[in-house]
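**Student:** Curious how this folds, go ahead:
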Amino acid sequence: MNLTAESVSKKYMRNAGDANYIEPVKECSLILKTGSLTLLSGRSGCGKTTFLNILSGLLAPSSGKVYLDKTDLYALDDKRLSALRNRHFGIIPQGESALHSLTLIENVLLPGKLSREENNKSGIKKRSDMLLERFNIGHLKNELPGALSGGELRRMAICRALILDPEVIFADEPTGDLDDDNTLMVLKMLRNLADDGHTVFLVTHENRGCDFADNIYRMDAGILTKA
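**Tutor:** Residues are numbered from 1 along each chain as shown. You can find the predicted model right below:
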């Protein structure tokens with residue numbers, strides 16, 4: 001699936017300071033093509049995560065449109081947008097995102113519960129086992145998040161994002177808590193997903209990510225440019 005952002009921007013109004021608004025993402029356009037890995041780099045606070053949230057249906061832009069193929073994301077009501085996002089998008093958020101009342105495996109299986117894919121329980125369970133083993137956390141499946149390290153929680157979030165085999169994967173600093181070996185494993189996995197026909201959007205400070213990308217962009221003070 002192609003994802004297209006047309007002239008999107010984000011402004012927040014405020015009453016204090018020298019300006020009456022801030023604009024973390026200035027008007028920009030981008031096409032994420034099926035089977036490609038697009039990397040976005042930039043300094044902290046430059047608007048990268050805001051832009052990712054707009055593309056992934058989590059944050060409505062102040063202007064412009066976002067299309068998944070021909071579907072206008074922000075023309076959908078909240079219920080339909082949430083269903084589209086859960087089924088077609090896999091989002092690896094920045095930071096720790098586990099539900100601490102659930103075990104590792106329950107966290108990973110959560111998107112399947114929300115999508116009510118009752119007729120595919122065995123397929124989802126089989127996929128969860130494969131993902132946990134692939135990321136070397138199968139032996140921790142019954143542990144609560146409080147017993148896991150930062151790197152283990154990060155790998156759990158990646159498994160959760162991939163559990164429904166989404167067409168589009170958004171990865172916001174997915175290697176932030178990982179050692180060198182696991183960082184390389186995740187970057188190779190994202191590259192393989194793109195090669196298998198998925199659309200991958202990677203936000204990262206990791207320089208090695210450039211070696212795996214088809215397209216590289218940079219964001220500075222909300223301005224998107226091709227690197």
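**Student:** Now do the contacts for residue 26.
**Tutor:** Taking Cβ atoms under 8 Å, 6 or more residues apart in numbering, we find residue 26 in contact with 9, 47, 221-224. All C-beta spots, glycine's among them, are computed from the backbone N, C-alpha and C.
**Student:** please redo it, this time with the cut-off set to 10 Å
**Tutor:** Listed by Cβ atoms under 10 Å, 6 or more residues apart in numbering, the contact set of residue 26 reads 8-11, 47, 219, 221-224.
**Student:** same check, this time on residue 157
**Tutor:** Per Cβ under 10 Å, 6+ apart, neighbours of residue 157: 91-98, 107-108, 171-172, 174, 177.
**Student:** Look up how far residue 107 lies from it.
**Tutor:** 8 Å (Cβ to Cβ, to the nearest Å).
**Student:** shared neighbours, the two?
**Tutor:** Jointly contacting residue 157 and residue 107 under the rule Cβ under 10 Å, 6+ apart are 97-98.
**Student:** Across the sheet, point out what pairs with the residue nearest the centre of the chain.
**Tutor:** When Cα atoms, centre = their mean is applied to the chain, the residue found nearest the centroid is residue 170 (2.4 Å). Assessed by DSSP bridges, residue 170 has beta-bridge partners residue 91, residue 201.
**Student:** Tell me the secondary structure at the residue nearest to residue 71 when sequence neighbours are not counted.
**Tutor:** In space, and not counting its chain neighbours, residue 71 is closest to residue 84: 7.1 Å by Cβ to Cβ, 6 or more residues apart in numbering. Counting by DSSP: H, G, I helix; E, B strand; the rest coil, the backbone at residue 84 sits in helix.
**Student:** what's near enough to touch residue 84?
**Tutor:** Taking Cβ under 10 Å, 6+ apart, one finds 57, 68, 71, 73, 76 in contact with residue 84.
**Student:** Could you dump those residues into CSV with distance to residue 188 and secondary structure added?
**Tutor:** As requested, the contacts of residue 84 are exported to CSV (distance: Cβ to Cβ, whole Å; DSSP: H, G, I helix; E, B strand; the rest coil):
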residue, distance to residue 188, secondary structure
57, 27, coil
68, 26, strand
71, 31, strand
73, 30, helix
76, 34, coil
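**Student:** Got a quick ChimeraX command for the buried subset of those residues?
**Tutor:** Here is the ChimeraX command that selects the buried residues among the contacts of residue 84 (16 or more other Cβ atoms under 10 Å):
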select :57,68,73,76
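**Student:** for the contacts of residue 84, which one is nearest residue 37?
**Tutor:** residue 68 (17.6 Å; Cβ to Cβ).
**Student:** In this structure that closest one contacts residue 2, no?
**Tutor:** Yes: counting by Cβ atoms under 10 Å, residue 68 does reach residue 2; the two are 7.8 Å apart.
**Student:** joint contacts of the two?
**Tutor:** Joint contacts of residue 68 and residue 2 (Cβ under 10 Å, 6+ apart) are 32, 167-168, 199.
**Student:** In strands only, show me those.
**Tutor:** 32, 168, 199 (DSSP state E).
**Student:** can you pull the contacts of residue 218?
**Tutor:** 39-43, 46, 48, 224-227.
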